[in-house]
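Trainee: The following block contains a protein sequence and its predicted model.
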Amino acid sequence: MGVSKQQAVENRKTIIAASEKLFRAHGIDGVGLSALMKAAGFTQGGFYNHFESKEALAAEVVATAMDKSNRDLTEAIATPLEPGGNRLKRQVDFYLSGTHCSDIEQGCAIAGLTADVRRLGHEAQSHFASGLQTMLETLTALVAEQRAESGDMDEARREAIAFYSEMVGALILSRAVADANPQLGEEILNANRQMLLDKFALEEGRGKR
């Protein structure tokens, strides 16, 4: 009996989800078709029933991961604040936390896939760029909320780009040394976290709500 169209769609999603975890952990070039299909619960021979090539799979993984990260960010920002809370500070605290740093499989797609994207084809790079653009637009609004007195959206975007680049860079560096030197990894997170909180006047008890 053949596989139904609905089951084929679900199988494809399963392969994409398993591949994303492996790509994040080992890099796209570091995972063979046999390993990723085994992780998804299928035989290697079934791969080409779903994807034309590994590059085509990688493009879909990037698109799916970026969409999920943007949904997660939007939902996180929309979550009600605790009394005295601040949306921007909450995002910095989460992003530059030890918990997020260790969550390579489910954490920020930008930090997890950046090193591989430049070696992929145009389709994957386009998905990545589009997802990053959406994320920066969301963060620009968040920065503009913090800087409400200025009302300069161009300046808010420049700050959002720098703000996010600093966080991603800190996360990637911390992950790179976490196993060999956990203390240094934590120091990188804490230093960048404090720098950003100082920059936006977000020390405890200060800043816009």
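Mentor: Perfect, I can see it now.

Trainee: Does the closest residue to A25 other than its chain neighbours fall in a helix, a strand, or a coil region?
Mentor: Computed as CB to CB, 6 or more residues apart in numbering, the closest residue to A25 that is not its neighbour in sequence is I104, at 5.9 Å. C-beta: built from backbone N, CA, C; applies to glycine. Per DSSP: H, G, I helix; E, B strand; the rest coil, the secondary structure class of I104 is coil.

Trainee: Return the residues in contact with I104.
Mentor: Taking CB atoms under 8 Å, 6 or more residues apart in numbering, we find I104 in contact with 24-25, 112, 175.

Trainee: and these, which of them are in helices?
Mentor: The subset of the contacts of I104 located in helices under the criterion DSSP state H comprises 24-25, 112, 175.

Trainee: Relative to S4, which of the contacts of I104 is nearest.
Mentor: Out of those, the one with the shortest distance to S4 is R24. That distance is 30.3 Å, counting by CB to CB.

Trainee: In stretch 112-132, which residues are buried?
Mentor: Of the residues in stretch 112-132, those buried by neighbour count under the rule 16 or more other CB atoms under 10 Å are 112-113, 116-117, 120, 124, 127-128, 131-132.

Trainee: I should have written stretch 29-49 there, sorry.
Mentor: Buried, per 16+ other CB under 10 Å, within stretch 29-49: 31, 33, 36-37, 39-40, 42, 47.

Trainee: Quick check: the two most widely separated of these?
Mentor: Of all pairs drawn from these, the greatest distance, 14.6 Å, lies between V31 and F42 (CB to CB).

Trainee: Residue ranges of each domain in the chain, please.
Mentor: When the chain is parsed with automatic domain parsing, its domains come out as 1-51, 58-199.
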